[in-house]
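> Make a model of this:
(chains A and B)
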Amino acid sequence: MVRFENVGLRYGMGPEVLRDLTFRIEPHSFQFLTGPSGAGKTSLLRLLFLSLKPTRGLITQFGHDVATLSKDAVATLRRRIGIVFQDFRLLDHMSTYENVALPLRVMGRPEESYRDEVIELLNWVGLGERIWALPPILSGGEKQRAAIARAVIARPQLLLADEPTGNVDPSLGQRLLRLFIELNKSGTSVVIATHDIALMDQYDARRLVLHDGRLHIYD
Amino acid sequence: MTSDISRSEFTPAPRVSAVPPMRFETPLVPRNSISGRALVAVVSIMTFLTCLTTGGVILVSQAASAWQADVAREVTVQLIPASGRNIDADVAKAASVVKNFPGIADVRAYSKEQSEKLLEPWLGTGLTLDELPVPRLIVVKIASGAAPDLPQLRSMLKSQVPGAVLDDHRGFIERMRAMSGTAIAAGVGIMILMIAATVLSVTFATRGAMATNKTVIEVLHFVGAKNRFIAENFQRHFLLLGLEGGAVGGGAAVALFAVGALLSRWFGGTAGAEQTAALFGSFSIGIGGYVAIVVQVLLIAGVTAFTSRHTVNRTLEMID
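Numbering: from 1, shown residues only, chains lettered A, B, ... in the order given. Model (predicted):
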């Protein structure tokens, strides 16, 4: 699904923040991406999400060499990837329903074709009564679940989550982890970037540990 | 997508009892943001000022054309008294020659008393002008749409009435044309500067409004929207804002000119109205003027839309 070969990344003329990364993300797999602050977790997520290009090495996603993709092809490929941002990135002028349905809307699907699907997913993540609420009045946990729902509504093959439990209490963090596990069981590959050791200890999964820009893998 | 997934502990969540009448109508770009309203205000004000300038140029241009036409429709024959000649007979002869010339609508010969009265503003009243060789004037009105051969008329007068001089006011018309041309050129210059200032103001206001929508661009980008989709949504949104502002500013300008034209008709005949009419004609910019205002409104809305698209594309390039 995703293959990194000797990938390096630097910003401008600065030092390399990621060095010689070589790994694969297999279909239906689950992995934590961890490491100290500043180790390059977010940069690696951005490479996985195609919002950065490597300064060296090879990245293939879904069989495509990302270096050769056009902007439209990147957008099309990105529809197969769901991402949950640490700061949610919900649009404040749109209801929860509309935020969650956004990926389907940009695909050009008519609203009637996905209405039930979105409501079912909102019910599933416990936001059934918050369908028409605007993000500014949602709690942190509700925003997090809305962001996750938006990330998975288009049935992505790869789900990336950046510190998904960073803004929630431990109890909600556990519940969100179980949500990711359920999504993984339904066939989605999951990469969770976190430095929450307690969270990782709750689920036996592959760990990708970044340290000084290098990756250590613990299967 | 969740039918094959067992319900998580988020469920049983309170489900919606009935599906509300959902319509996915919220625009991707927020419509009533503060920056959006500020942009509408800037576009309104600048459109209003630009349209006023355009209307002013049109009014001056129309008035100048009317003055020139009025003057060009009239020529004057001047006869200077000479010893040994009967000036009254010369005036009658000259009037007859002119009246029978093709393309002449009316001939009015000034009598001796009328000619002397013309000098009163300079010489005062109560003077005896019998000893002075006061020239006699014949005012000739040219028929509407006619173009009489004035050089031929001049030579006929010269041969049949010695001392008669035909003045076609060319020198005066040339001076007036130069003056009105200068006024119009200055007006067009101001109008171009106003349009340039409008374009720049709208450009910067649009960029300011766009800056507040950067999150929207990023989110759309991250959920897989293609650049063209994002750019089209923003362009449509800002075109509507531009049209809204343009309609307010242009509409106010149209209303102002319409009220001006109405007032000038209502107060026609008063001294003030006559002075205004002398300067601005009927104070009506005509159909052409209103079309020019509509074109400017569309131009400014187009500039707003184009600027937003350009800014979106630049933002997307920065994200990439």
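
> Strands of chain B, start to end?
With DSSP state E as the criterion, chain B has strands at B:74-79, B:104-109, B:136-142, B:164-167.

> In CSV: those strands, plus distance to chain A and mean neighbour count.
To be clear about C-beta, it is placed using only N, CA and C from the backbone, and glycine gets the same treatment. Below are the strands of chain B laid out as CSV (distance: least, CB to the nearest CB, whole Å; neighbours: other CB atoms under 10 Å in any protein chain shown):
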stretch, distance to chain A, mean neighbour count
strand B:74-79, 68, 19
strand B:104-109, 71, 15
strand B:136-142, 69, 19
strand B:164-167, 74, 18
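
> Save those strands as a markdown table, and put in distance to A:Met13 and mean pLDDT too.
Formatted as a markdown table, the strands of chain B follow (distance: least, CB to CB, whole Å; pLDDT from 0 to 100):
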| stretch | distance to A:Met13 | mean pLDDT |
| --- | --- | --- |
| strand B:74-79 | 81 | 88 |
| strand B:104-109 | 86 | 88 |
| strand B:136-142 | 81 | 89 |
| strand B:164-167 | 82 | 86 |
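
> Mind checking those for the one nearest to A:Asp196?
Of all those, strand B:74-79 sits nearest to A:Asp196, with 96.7 Å by CB to CB.

> quick one: contacts of the closest one?
B:87, B:90-91, B:94-95, B:98, B:135-142, B:150, B:157, B:161, B:163-169 (CB atoms under 8 Å, 6 or more residues apart in numbering or on different chains).

> residues touching B:Asp90, list them.
By CB under 8 Å, 6+ apart, the neighbours of B:Asp90 are B:Leu79, B:Arg136, B:Val161, B:Gly163, B:Ala164.

> Of all pairs in those, which one spans the longest distance?
B:Arg136 and B:Val161 (11.1 Å).

> leaving aside the residues next to it on the chain, what's closest to B:Gly249?
Distances taken as CB to CB, 6 or more residues apart in numbering or on different chains put B:Thr47 closest to B:Gly249, at 3.0 Å, once the chain neighbours are dropped.

> again with B:Ala64
Of all residues not flanking B:Ala64 in the chain, B:Ser180 sits nearest, at 3.0 Å (CB to CB, 6+ apart).

> Output the set of residues of the stretch 201-320 of chain B in proximity to chain A.
Taking CB under 8 Å from any CB of the partner chain as the contact definition, the stretch 201-320 of chain B meets chain A at B:215-216, B:218-229, B:316, B:319-320.

> can we see that at 10 Å?
Within the stretch 201-320 of chain B, the positions lying close to chain A (CB under 10 Å from any CB of the partner chain) are B:213, B:215-216, B:218-230, B:233, B:316-317, B:319-320.

> Now a PyMOL select for only the buried ones of these.
To isolate the buried members of these in PyMOL, using 16 or more other CB atoms under 10 Å in any protein chain shown:
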select buried, chain B and resi 213+216+218+219+220+221+222+223+224+225+226+227+229+230+233+316
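
> if I read this right, the residue nearest to B:Ala64 contacts B:Leu59, doesn't it?
No. Assessed by CB atoms under 10 Å, B:Ser180 is found out of contact with B:Leu59, at 11.6 Å.

> So for those two, which sits in the more crowded spot?
Neighbours per residue, other CB atoms under 10 Å in any protein chain shown: of B:Ser180 and B:Leu59, the larger number sits with B:Leu59, 22 against 17.

> Need the pLDDT of the more buried one.
B:Leu59 carries a pLDDT value of 84.

> cool, and B:Glu9?
B:Glu9 carries a pLDDT value of 51.

> same thing with the one 5 residues further on?
In this prediction, B:Pro14 carries a pLDDT score of 46.

> What of A:Gln31?
96.

> Kindly tell me how buried it is, as a neighbour count.
21.

> In three-state terms, label it for me.
The three-state label given to A:Gln31 by DSSP: H, G, I helix; E, B strand; the rest coil is strand.

> Against A:Phe23, how distant is it?
To A:Phe23, A:Gln31 is 9 Å away according to CB to CB, to the nearest Å.

> between those two, what contacts are shared?
The overlap between the contact sets of A:Gln31 and A:Phe23 (CB atoms under 10 Å, 6 or more residues apart in numbering or on different chains) consists of A:Arg206, A:Leu208, A:Ile217.

> secondary structure class for whatever residue of chain A ends up closest to chain B?
Of all residues in chain A, A:Gly126 sits closest to chain B, at 3.3 Å by CB to the nearest CB. Per three-state DSSP, the secondary structure class of A:Gly126 is coil.

> by contact count, what packs against the longest helix anywhere in chain B?
In chain B, taking DSSP state H as the definition, the longest helix is helix B:170-211. Using 3 or more CB pairs under 10 Å, 6 or more residues apart in numbering or on different chains; DSSP states H and E, the elements in contact with helix B:170-211 are helix B:34-72, helix B:227-266, helix B:286-319.

> out of the ones you listed, which comes closest to B:Ser201?
Closest to B:Ser201 of the helices and strands packed on helix B:170-211, according to CB to CB: helix B:34-72, at 5.2 Å.

> quick check, distance from the closest one to the centre of its chain.
From the chain centre to the centre of helix B:34-72 is a distance of 5 Å (CA atoms, centre = their mean, to the nearest Å).

> again with stretch A:198-211
Distance, stretch centre to chain centre, for stretch A:198-211: 16 Å (CA atoms, centre = their mean).
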